[in-house]
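1. heads up, no residue letters with this:
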């Protein structure tokens with residue numbers, strides 16, 4: 001199928017990701033494959049591969065491509081993991097995770113966004129390893145816990161302890177945390193204890 005945005009996507013990978021230090025080849029391949037233009041509103045399609053976030057409605061955004069790649073790389077995926085994503089949004093991050101992990105369980109609080117994400121991921125792109133739930137992100141998805149990895153795409157003021165309980169031993173979670181001053185933090189569960197690592201400053205919508 002002809003892809004009118006293929007060259008833009010490859011330029012995005014080279015100039016926005018590889019040039020800024022993204023090195024995980026699986027992540028770079030996923031970013032080169034996933035058609036970001038299918039996850040943005042029609043009126044913003046020409047800006048699909050721009051170096052920044054875009055509004056997707058209901059006060060939510062699709063994250064900057066670099067941030068999507070950066071967060072995915074920090075999960076240290078090997079391809080066989082079960083990943084819990086909190087905040088489906090447009091579905092774009094879930095698509096990148098579906099390319100780099102075995103299973104993605106994505107939770108979205110806004111039904112209209114969840115329906116749109118599912119329509120693109122399952123209906124247009126045919127992913128069969130992404131599973132959807134409408135609900136509060138803080139609650140996670142306990143029926144399918146523990147998860148090898150957890151990724152938040154909206155910012156709580158503090159990482160929800162319910163989600164730590166759903167993280168497998170040896171697992172990794174990456175999340176934006178904070179109110180006005182948000183930081184991206186990576187957590188590792190080792191010996192039943194959570195160890196945190198501050199990464200970079202970010203701006204995400206609040207976790208609702």
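-> Noted; the coordinates are in hand. Note that the coordinates shown come from a computational prediction; the quantities given were computed from them, not determined experimentally. Numbers count the residues shown, from 1 in each chain.

2. Would it be right to say that residue 169 lies in a strand?
-> Yes: assessed by DSSP: H, G, I helix; E, B strand; the rest coil, residue 169 belongs to a strand.

3. Please report the number of neighbouring residues for the closest residue to it other than its chain neighbours.
-> Among residues not flanking residue 169 along the chain, residue 189 sits closest, at 5.8 Å (CB to CB, 6 or more residues apart in numbering). For glycine as for every other residue, the C-beta is placed from the backbone atoms N, C-alpha and C. Applying other CB atoms under 10 Å, we find 19 residues neighbouring residue 189.

4. quick check, residue 189 in a strand?
-> Yes: assignment of residue 189 by three-state DSSP places it within a strand.

5. who's in contact with it?
-> 164, 167, 168, 169, 170, 171, 173, 195 (CB atoms under 8 Å, 6 or more residues apart in numbering).

6. measure it to residue 172 for me?
-> 8 Å (CB to CB, to the nearest Å).

7. Equivalent analysis for residue 19, please.
-> 25 Å.

8. Looking at these two, which one has more neighbours?
-> Neighbours around residue 19 and residue 172, counted as other CB under 10 Å, are more numerous at residue 172. The numbers are 22 against 10.

9. any chance you could map the strands in the protein?
-> 54-57, 60-62, 82-86, 103-108, 130-134, 147-152, 167-177, 182-190, 193-202 (DSSP state E).

10. Let's have those in CSV, adding mean pLDDT and distance to residue 8.
-> Output for the strands of the chain, formatted as CSV (pLDDT from 0 to 100; distance: least, CB to CB, whole Å):
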stretch, mean pLDDT, distance to residue 8
strand 54-57, 93, 14
strand 60-62, 93, 15
strand 82-86, 98, 25
strand 103-108, 98, 25
strand 130-134, 98, 24
strand 147-152, 98, 25
strand 167-177, 98, 27
strand 182-190, 97, 26
strand 193-202, 97, 24
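
11. Figure out which of the ones you listed is closest to residue 36.
-> strand 60-62 (7.5 Å; CB to CB).

12. residues contacting residue 68?
-> Contacts of residue 68 (CB under 8 Å, 6+ apart): 31, 92, 93, 96.

13. pretty sure residue 17 contacts residue 66?
-> Yes: with contacts counted by CB atoms under 8 Å, residue 17 reaches residue 66, the gap being 6.1 Å.

14. Compare those two (neighbour count), which wins?
-> residue 17 (22 against 18).

15. Spatially nearest residue to that one (excluding sequence neighbours)?
-> residue 69 (4.9 Å).

16. end to end, how far does stretch 62-82 reach?
-> Length of stretch 62-82, first residue to last, CA to CA, to the nearest Å: 23 Å.

17. quick one: low-confidence parts of this protein?
-> 1-2 (pLDDT under 70).

18. any idea how far residue 85 lies from residue 62?
-> 14 Å.

19. more neighbours, these two?
-> residue 85 (26 against 23).
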